[in-house]
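Colleague: could you look at this predicted model? Sequence included:
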Amino acid sequence: MKKLIFLILMILPTIGISQELDSNASFLKSKYPTDYANTIRKHAVEEWGTDHQMIVYTINKQSDALYYLVQNFKSEHTQIIYDAIKEWSREGYEASNIQKFNSFNTLSIENMIKLHCDWSMVKYVYEKQVKAKAAY
């Protein structure tokens, strides 16, 4: 019985934390290797150091949020996403993110992956603001 409890306690912390890149992250890594390495991967490694499971988890979460934003973006919400990107730019990157964003003709994966943002938080703010805007 003690062995079973020990085994369960050893397994529980790893449940839900992937050890592989998901399809969105894998696509970004293969299609845009330089931008992926310089933004999403870079910030995950800075945040988690040598905790490789958390690095992969963060990369997956950031990649999924970026995909969500591109797929669900509507042009009437340009100011909302602009404000969210400005608010959630990584430290030291706000000015360059805004400059790049203003140069984009389309909101695409190819463009957005060049920005240094916390995409999970950009997604969170975007969803909440769009919902609030529609409420009144």
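Modeller: Alright, I've got the coordinates.
Colleague: so for stretch 77-85, what gets flagged as buried?
Modeller: Within stretch 77-85, the residues that qualify as buried are His77, Ile80, Ile81, Ala84, Ile85, counting by 16 or more other Cβ atoms under 10 Å. To be clear about C-beta, it is placed using only N, CA and C from the backbone, and glycine gets the same treatment.
Colleague: what of stretch 43-55?
Modeller: Using 16+ other Cβ under 10 Å as the test for burial, stretch 43-55 gives His43, Ala44, Val45, Trp48, Ile55.
Colleague: could those be laid out in a markdown table, adding pLDDT and distance to Tyr32?
Modeller: Output for these, formatted as a markdown table (pLDDT from 0 to 100; distance: Cβ to Cβ, whole Å):
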| residue | pLDDT | distance to Tyr32 |
| --- | --- | --- |
| His43 | 98 | 15 |
| Ala44 | 98 | 15 |
| Val45 | 98 | 17 |
| Trp48 | 98 | 21 |
| Ile55 | 98 | 18 |
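Colleague: coming back round to it: which of the buried residues of stretch 77-85 sits closest to Glu91?
Modeller: Ile85 (14.0 Å; Cβ to Cβ).
Colleague: does the closest one belong to a helix, a strand or coil?
Modeller: When classified by DSSP: H, G, I helix; E, B strand; the rest coil, Ile85 comes out as helix.
Colleague: before we move on, the earlier item: now the buried residues of stretch 43-55 in CSV, with secondary structure and distance to Tyr126?
Modeller: CSV is the format used below for these (DSSP: H, G, I helix; E, B strand; the rest coil; distance: Cβ to Cβ, whole Å):
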residue, secondary structure, distance to Tyr126
His43, helix, 19
Ala44, helix, 21
Val45, helix, 25
Trp48, helix, 24
Ile55, helix, 25
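Colleague: fine by me, we can end here.
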